[in-house]
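Colleague: Pasting a predicted model and its sequence here:
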Amino acid sequence: MHRAVGAADEDGAHMAELVAICGTHEIPEGTMRRFTLGGEDILIARVDGMYYAIDDRCGHMNVSLCDGVLEGATVTCPLHAAQFDVRDGRVARPSEPKQFVARHGQVGKQLAFIQTRPVRSYPVVVEGGTVYIRR
């Protein structure tokens with residue numbers, strides 16, 4: 001269900017586009033789900049009755065966040081335990097170097113200190129039982 005609805009500013013220039021992602025019923029409270037849009041994976045989460053959208057790629061090692069765990073508004077990366085706030089994509093906790101090294105040995109020592117970056121977030125609009133993101 002990916003349908004685009006264009007938006008224009010006062011001069012008629014294209015500003016942003018609302019893209020229908022899914023029905024509200026497709027994401028139960030306290031869960032998240034991955035949707036692919038134009039080759040990009042987007043994570044949609046429902047927290048406290050609100051819908052949030054972020055890139056579904058960890059800002060540390062590019063792993064799918066949807067394979068992780070959502071607790072409240074925080075999603076934990078399944079690979080190195082970096083945490084992100086689904087409300088705005090900010091880093092809630094960077095990856096844990098000790099865990100990284102323990103899991104990956106010498107390679108882990110070299111990669112453990114890669115900076116964890118925030119992930120892109122998208123404005124969400126819910127209308128008529130449909131979840132849209134603004135792109």
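Modeller: Looks like it came in fine.
Colleague: For the rest of this, base every contact and every neighbour count on C-alpha atoms.
Modeller: Noted.
Colleague: in what helix or strand does the residue nearest the centre of the chain lie?
Modeller: Nearest residue to the geometric centre of the chain (Cα atoms, centre = their mean): residue 54, 2.7 Å. In the assignment (DSSP states H and E), residue 54 maps to strand 50-55.
Colleague: hang on, residue 66 is in a helix, isn't it?
Modeller: Yes: counting by DSSP: H, G, I helix; E, B strand; the rest coil, one finds residue 66 located in a helix.
Colleague: quick one: contacts for it?
Modeller: By Cα atoms under 8 Å, 6 or more residues apart in numbering, the contact list for residue 66 reads 32-34, 43, 56.
Colleague: of those, closest to residue 17?
Modeller: Ranked by distance to residue 17 (Cα to Cα), the contacts of residue 66 are led by residue 43 at 17.8 Å.
Colleague: Which neighbouring elements make contact with the helix or strand harbouring that closest one?
Modeller: Per DSSP H and E, residue 43 falls inside strand 40-47. Counting contacts by 3 or more Cα pairs under 8 Å, 6 or more residues apart in numbering; DSSP states H and E, strand 40-47 is packed against strand 32-37, strand 50-55.
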